[in-house]
Every structure is written in structure tokens, then in C-alpha cells.
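K.L.:
Predicted structure and sequence below. I'll ask about it afterward.
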Amino acid sequence: MSLQGEIDKRRTFGIISHPDAGKTTLTEKLLLFGGAIKTAGAVKSNKIDRHATSDFMEIEKQRGISVATSVMGFNYKDRKINLLDTPGHQDFAEDTYRTLTAVDSVVLVVDCVKGVEIQTEKLMEVCRMRNTPVMVFINKLDREGQDPYDLLDEIEAKLDIKVRPLSWPISMGKTFKGVYSLYEKKLKLFTASKQTLDTDSDVLIEDINDPRLEELIGDNYAETLREDVELVDGAYPEFDLETYRSGEVAPVFFGSAVNNFGVQELLDCFIDIAPNPIKRETEVRIVEPTESKFSGFVFKIHANMDPKHRNRIAFVRVCAGKFKRGDTYYHSRLDKKFRFSNATAFMAQSKEIIDEAFPGDIVGLYDTGNLKIGDTLSEGEKGMYKGIPSFSPEIFREVINTDAMKTKQLDKGLTQLMDEGVAQLFTYEMGSRKVVGTVGALQFEVIQHRLLHEYGASCRFAPMNLFKACWFSSDDKKKLEEFIKSKYRHVAQDKDGKMVFMAESRAWLQMVQDNFPDISFHFTSEF
Ligand code: G4P
């Protein structure tokens, strides 16, 4: 098949949701439809039990499970679908943000009872930064949820995106009857079934005035559905592919993942409208997926769980051309060539050696420490792919070495863990104090545990009173130097050597901003 043909076949996406909205369940049902798994219950939740956050076995389990389910490739109809998993636990949000840089679109799951929750708002912010196309699946219609119109209004208001329902629920909870697909003009009647895939119970109702509606759902529900369809078509502009693909409008589906209900409608529409691998930007130019030369970037690193084998798997998103196993590729950051003879692809639950991969695919490369998140591989061209920003962490703690004999091991361990993106390290200009910043408290336990068990280094973390790490810039070089000189006690370097201002409080940051109007402060490393 031609490169263009391979690209047209591919859909690479991620599912995001607030924990418990039904991401794992939906993933499993999608894999069932794709024939990638045979029975329900095969996909393990990658959630850490929220009641056992300090249980290291749980953390290890999480790491083990997440490599197996990090990327799930499956075929559906004539498409090759790559589903990239994102961690459910919010302490690993940074990992989710990075995974979102490797997808071409996103499915957002919302629980119809709880509506839009805080974690969803944060994830959507990341999607909006990159104009990632979003489809919404409103889940758990078998429960008494909020009014569908209210839910849609809430999504628009809280997530700052326009919506366009492409299916509509007929009642919900105990009296849930089914959904009408506005996209395919089909009525699907609800049957609660957790194990089977009901693929042919839908009835084509091209004209909503068809009298069969009364026979199928009764007079009252038929009348309400007609009113709703009229209202929806009147209130929302007609679905337009371009506004979806530019991330302005999110098509919405309703269903119940646990009952396999509404999932196929979502999937069928998804393969129709979701974008295939899109062009991407490097520091120097825009790269089209159809270019003959391979290039891609690392968005995730996974350490081997066995401490005797320190190799890691780097997840590379293929952006252009064809990746061939055994070929030598150019590592832009190190300005060096490397050969990767053991590339793996991820098919549903398993890993398998592959010979070639195409744009949209994710390849796993075994690495002994040469690759880190954000690295670009190519056939020789210089320039890194853009779009793996670091966000300012929320919690900061100073690293205190508790075993002076193991300083080297500590430094190495910290560097490698930071390459994996477990947390961010800031080194103060003054005194070389090292500060680790994370999104959640759980990472500190993970880091301490892994430093000890994998590197034989021990440390403790001293709390620090910091509000944010702000990257800063200015067009005026002199003003920038003045600022650094005046605030040198509070200036640190991030992992890439970029200068960061460590702000102690919101009020203080505001004051500094007022006093240095020529300096721009940023909460992400890419600006
Ligand atoms: P997550 O990955 O987004 O965190 O959510 P997950 O799929 O694990 O689902 C969270 C809970 O919601 C699970 O129940 C799951 O069974 C349930 N659920 C998912 N889809 C639906 C649905 O359509 N309707 C209803 N009523 N429930 C749904 P649990 O009790 O936490 O786990 P389990 O014992 O059922 O597996």
C-alpha cells in the first residue's frame, strides 16, 4: 500500500475523562468492537486505587499495567486505530498532557450524573492549546442524570467549546429507551447487556415523522423525541466537518459504555470524521506526513520494572515517512546517529516486533538512556518537533541527599527519572540547590522509592513554599539581565537549561510582574 494509503487508514486518538466517568469501560468496548479482545473485563483499569496511594505494590502495578496498555492498536472496518491511554490518576496529569501531544484527536467522556468535573476542564485546556479535535461521549445514560440540554450548556460554558449533538437520548435512567442518531438517522433501542455486542438492532428512521417511532418507543416518547430533534436542529448549527477538525465544535454522542450502548455509533462516526495523521510543526518548518523521509518524536519513556535491566522503552510517534526497523536514524538533540533494531508495535494487549511503521503509529524503542521526552528522530534533518511543553508544577520540594557516599547515583537517578517525565527538576543558580516539582504528592513517594530500589540512592524531600515556576523572556536583553541580577536568589534552571523564576506566592509574583513590565512570565515552557 502507498504511504498515502497507510496514512488515510490511520486514526490516532486518546480518551480523556475525569476518573470514574468511564474511560476504561469505553476503551474496553472499543477494543471489543475492533475484535482486539474477546471478552469484557480484559482491560485492566490503570487507576491506582485511591485508597492505597502509598502502597508501593500499587505503584509498581500501575507501571506494569500502563506499559501494556499504553498504546492499543486495533483494526476496525478498514481502519487502523491507535488508541493512546492516559493515566487516570490526576497526580499523573503531566503524563496525560504529553500523551495528548502525540494524538490527532480526542474522545472526551462525561458522566451524565456528575457533568463536567475539574480534571476534565484541565485536560480540555491542553486540547485547546493545540486545537485538537474533540468528540464527546456522554456516558451512563442508564442512570438518572442531568437534563441533556443542561449538560450541553455546561460543556460549552466550562470547556469553552461549541457542541453539536449527533445523537439524542430518549429518556434516561430507569426509563431509558435508547438513542436516535442524528448522524446516521437511526434509532437504537436500549437493552442492558454487558457481555454481548449488539450490532444490528438499529432501525433506520430517515424521517423523524415516520409512524414506526410510535410502535417502537410509544406515543409519548415519540412525540418528545420529535420535539427534541426539531429543537436540536434549530438550536445548533448543522454539523460541519471543518469546525470539528479545527477544534471549534465538538460532536456529542450519548450512551452507556458498560452496556455497550451507543459505543458503535461513536466508533462508526469517529472513523468517518476523525482526522488522519496531520501535519506537525518543528522548530524550523511544517512537516507533512506524506513526506518520504521518516521523522518522529518521543512523547513517553517507560522504565523497565526489573532493576537488573536498566533499559527503557521510548514511545515514538511517527509523524512522517516510513519507519524501518534496523535503520539508522538521526537524534537531533545529541547530533548523533542511532540504530534501532528492536522496535516494537503495540497491538491491543501485546507488544510485537515490527518491521515498519507509518505516520500515526507509535513505535516502542528500547533505549539505554539516550532518549528523553521531546527528542526528535529523523533521517538527518536538524530541528526538533514542537509541542511537548512542560507546565509549572503545583508542589515543590527540595532534594536532600541522605547518603553522601551515593551522590553520583542520586544525580544519575534524578536525571533519568526526569528524562522519563516523572517530575520536573529545577536547579537554583545560587548554591545548586535541587528542587523537584510535581503535579501531585504521589510522585514524591514514587521518586524516593525508585531512587532507592533502582539506583541505590537515598534522599528526603524538604517542603518548599513556592507558588509557581515561571519561565520568563524579554525582547530587551539588557532588561532581562537586570531582572536576573536583581532576582538571582529566585532564579533556577529547568531540565533543558531554560531560566525559571521560582515565585513564592501569587501576590509576590504579581508585584514582580508590576515592577518588571518588560519581562514576560509564562506558566508553560513553550511560549
Ligand atoms: P474511568 O476509567 O474513567 O476511571 O472509569 P471506569 O471505566 O473504571 O468506570 C467507573 C465506574 O463506572 C465503574 O464502576 C464502571 O463499571 C461504571 N460505568 C462505566 N460505564 C457505565 C455506564 O454506562 N453506566 C453505569 N451505570 N456505570 C458505568 P465501578 O463500580 O467503579 O467498577 P466495576 O466494579 O463496575 O468495574
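P.N.:
Perfect, thanks for sending it.
K.L.:
mind listing the helices for this structure?
P.N.:
3-9, 23-33, 56-68, 93-100, 118-129, 148-159, 212-217, 219-235, 241-245, 263-273, 407-419, 442-455, 477-486, 506-515 (DSSP state H).
K.L.:
Dump those helices into JSON lines; add mean neighbour count, mean pLDDT and distance to Ile395 as well.
P.N.:
C-beta coordinates here come from the backbone N, C-alpha and C atoms, glycine included. Supplementary listing: those in JSON lines, determined by neighbours: other CB atoms under 10 Å; pLDDT from 0 to 100; distance: least, CB to CB, whole Å:
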{"stretch": "helix 3-9", "mean neighbour count": "16", "mean pLDDT": "95", "distance to Ile395": "41"}
{"stretch": "helix 23-33", "mean neighbour count": "24", "mean pLDDT": "88", "distance to Ile395": "25"}
{"stretch": "helix 56-68", "mean neighbour count": "16", "mean pLDDT": "54", "distance to Ile395": "17"}
{"stretch": "helix 93-100", "mean neighbour count": "22", "mean pLDDT": "83", "distance to Ile395": "12"}
{"stretch": "helix 118-129", "mean neighbour count": "18", "mean pLDDT": "85", "distance to Ile395": "15"}
{"stretch": "helix 148-159", "mean neighbour count": "17", "mean pLDDT": "96", "distance to Ile395": "25"}
{"stretch": "helix 212-217", "mean neighbour count": "16", "mean pLDDT": "87", "distance to Ile395": "52"}
{"stretch": "helix 219-235", "mean neighbour count": "14", "mean pLDDT": "93", "distance to Ile395": "43"}
{"stretch": "helix 241-245", "mean neighbour count": "16", "mean pLDDT": "97", "distance to Ile395": "37"}
{"stretch": "helix 263-273", "mean neighbour count": "20", "mean pLDDT": "92", "distance to Ile395": "36"}
{"stretch": "helix 407-419", "mean neighbour count": "18", "mean pLDDT": "91", "distance to Ile395": "15"}
{"stretch": "helix 442-455", "mean neighbour count": "19", "mean pLDDT": "87", "distance to Ile395": "8"}
{"stretch": "helix 477-486", "mean neighbour count": "13", "mean pLDDT": "95", "distance to Ile395": "25"}
{"stretch": "helix 506-515", "mean neighbour count": "13", "mean pLDDT": "96", "distance to Ile395": "15"}
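K.L.:
and the ones you listed as a markdown table, adding distance to the ligand?
P.N.:
What follows is the helices of the chain, written out as a markdown table (distance: least, CB to the nearest ligand atom, whole Å):
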| stretch | distance to the ligand |
| --- | --- |
| helix 3-9 | 28 |
| helix 23-33 | 3 |
| helix 56-68 | 12 |
| helix 93-100 | 12 |
| helix 118-129 | 10 |
| helix 148-159 | 14 |
| helix 212-217 | 20 |
| helix 219-235 | 20 |
| helix 241-245 | 23 |
| helix 263-273 | 9 |
| helix 407-419 | 26 |
| helix 442-455 | 16 |
| helix 477-486 | 44 |
| helix 506-515 | 32 |
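K.L.:
quick one, which of the ones you listed is nearest to Lys322?
P.N.:
helix 3-9 (6.5 Å; CB to CB).
K.L.:
can you list the residues that contact the closest one?
P.N.:
1, 78-80, 276-277, 289-290, 292, 321-322, 358-360 (CB atoms under 8 Å, 6 or more residues apart in numbering).
K.L.:
now, which of those lie within strands?
P.N.:
Within the contacts of helix 3-9, membership in strands is found for 79-80, as judged by DSSP state E.
K.L.:
what about Trp111, distance to the ligand?
P.N.:
Careful, residue 111 is Asp and not Trp. Here Asp111 is placed at a distance of 8 Å from the ligand (CB to the nearest ligand atom, to the nearest Å).
K.L.:
again, but for Phe92
P.N.:
Distance from Phe92 to the ligand, by CB to the nearest ligand atom: 13 Å.
K.L.:
Verify the contact between that residue and Val446 for me.
P.N.:
No. Counting by CB atoms under 8 Å, no contact exists between Phe92 and Val446, whose distance comes to 9.4 Å.
K.L.:
How about the contacts made by the residue nearest to Ser520 when sequence neighbours are not counted?
P.N.:
Counting by CB to CB, 6 or more residues apart in numbering, Ser520 lies nearest to Ser473, which is 5.2 Å off, once chain neighbours are set aside. Counting by CB under 8 Å, 6+ apart, Ser473 touches 480, 519-520, 522, 527.
K.L.:
for Gln443, same thing?
P.N.:
For Gln443, the contact set (CB under 8 Å, 6+ apart) comprises 91-92, 422-423, 436.
K.L.:
Name the member of those with the shortest distance to the ligand.
P.N.:
Checking the contacts of Gln443 against the ligand by CB to the nearest ligand atom gives Phe92 as the nearest, at 12.7 Å.
K.L.:
of the contacts of helix 3-9, buried ones?
P.N.:
79-80, 276-277, 289, 321-322, 358-360 (16 or more other CB atoms under 10 Å).
K.L.:
what subset of those residues is also close to the ligand?
P.N.:
Among these, no residue is within reach of the ligand (CB under 6 Å from any ligand atom).
K.L.:
Restricting the selection to alpha carbons, write stretch 241-260 to CSV.
P.N.:
Coordinates of each C-alpha in stretch 241-260 appear next as CSV, following Å, rounded to 0.1, in the frame of the first residue of the first chain:
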residue,chain,number,x,y,z
LEU,A,241,-16.5,18.7,9.4
GLU,A,242,-14.2,21.7,9.3
THR,A,243,-15.3,23.3,12.5
TYR,A,244,-14.8,19.9,14.2
ARG,A,245,-11.4,19.3,12.7
SER,A,246,-10.2,22.8,13.7
GLY,A,247,-11.3,22.1,17.3
GLU,A,248,-14.0,24.7,17.4
VAL,A,249,-17.1,22.4,17.6
ALA,A,250,-17.3,19.0,19.4
PRO,A,251,-19.9,16.5,18.1
VAL,A,252,-21.7,14.8,21.0
PHE,A,253,-22.9,11.2,21.5
PHE,A,254,-24.9,9.7,24.3
GLY,A,255,-24.7,6.2,25.6
SER,A,256,-23.9,3.7,28.3
ALA,A,257,-20.4,2.3,27.9
VAL,A,258,-20.9,-0.5,30.4
ASN,A,259,-23.9,-1.7,28.4
ASN,A,260,-22.1,-1.5,25.1
